[in-house]
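> Got a sequence here, can you build the structure:
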Amino acid sequence: MSALPHPSYTYRPMTVADLTAAHDLSVQLKWPHRLDDWAMLHRVSDGFVVMDGGRLIGSAFVCPQGDFATIGLVIVSNDYQGQGIGRRLMERALAACEPRTPILNATVAGKPLYASQGFVEFGRVQQHQGQAIVPALVELADGETCRALTADDHAALLTLAKAASGLDRRDVLRDLQVEHAVGIERDGQLRGFALLRPFGRGRCIGPVVAENIHQAQHLIAVLLAQVPDTFVRIDIPVACGLSDWLETAGLKNIDTVVQMARGTPPEASQGVQPFALITQAIG
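So this is what the prediction gives:
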């Protein structure tokens, strides 16, 4: 049973004019997102806000990605907690997901709300960040080479991104502000890639797609060499096995969130897997 709405609160679609106030909500929670990060998510997603008169007190995003839709940046102002606002926001987000399967990354505090709405855990994600220390390059297998990617690689990159995540990444990847893109090639075919881009307090590495952990380590090390002594964040599936290696590169594990789906979660295919997310909000 959903909570009764407060008579003075208005739930409506987010507009560009709402972005500054919505960003302020995340700042209050000490989340690192820049206003530009919010604007990017707004361009590729359906956003929702809650208003108390002229004050923005809640937000949520739904990002359609093929057969799935990711839900992210579900925020309710600390001054308005305990009134069922988060639940009503989620009801609108879930309606916007249809007929796609909703997936999200839940904080420990948020997990019970999502579980009560039919979401089931299918994995965990670790947030690593810190001042980057450039690690030694992990050797690639015979016949593999690493190179900078160009616009000519975009179609192959999209194919790998979908195979690793199970999500259609066309709109999301088209909108990312990428500073460096590198890939691993074998027999003339792209078999892995990684992107470096501005995000939050510095740079973010993600997504990272590869066939194995050695390829992923090589790609990440190449990108870290582009930004030595810079604050870098990377969000990795716990199961990928990169955590200890990232710690040696100065990227400490500071948080873990829960991957949840309401329905069958996406699966990797074609021999590749995700080694880093784009963001926790997008997957």
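> quick check, residue 51 in a strand?
Yes. Counting by DSSP: H, G, I helix; E, B strand; the rest coil, residue 51 is located in a strand.
> give me the number of residues near it?
Residue 51 has 16 neighbours, counted by other CB atoms under 10 Å. C-beta coordinates here come from the backbone N, C-alpha and C atoms, glycine included.
> measure the residue nearest to it when sequence neighbours are not counted to residue 50 for me?
Counting by CB to CB, 6 or more residues apart in numbering, residue 51 lies nearest to residue 10, which is 4.4 Å off, once chain neighbours are set aside. According to CB to CB, to the nearest Å, residue 10 and residue 50 sit 7 Å apart.
> Mind checking which of these two has more residues around it?
Neighbour tally, residue 10 and residue 50, criterion other CB under 10 Å: the higher count belongs to residue 50, 26 against 12.
> Thought residue 11 was touching that one, still the case?
Yes. The pair residue 50 / residue 11 is scored as a contact, 5.5 Å apart, by CB atoms under 8 Å.
> Contact partners for residue 144?
Shown in contact with residue 144 (CB atoms under 8 Å, 6 or more residues apart in numbering): 184, 185, 186, 191, 215.
> Point out the other helices and strands that the helix or strand bottoming out on mean pLDDT in the chain packs with.
Every helix and strand of the chain was ranked by mean pLDDT, DSSP states H and E. The lowest is helix 111-116, at a mean of 90. Contact here means 3 or more CB pairs under 8 Å, 6 or more residues apart in numbering; DSSP states H and E; on that basis helix 111-116 packs against helix 85-97, strand 252-261.
> let's go with 10 Å and repeat that
On a contact count with 3 or more CB pairs under 10 Å, 6 or more residues apart in numbering; DSSP states H and E, helix 111-116 meets strand 68-76, helix 85-97, strand 101-106, strand 120-131, strand 252-261.
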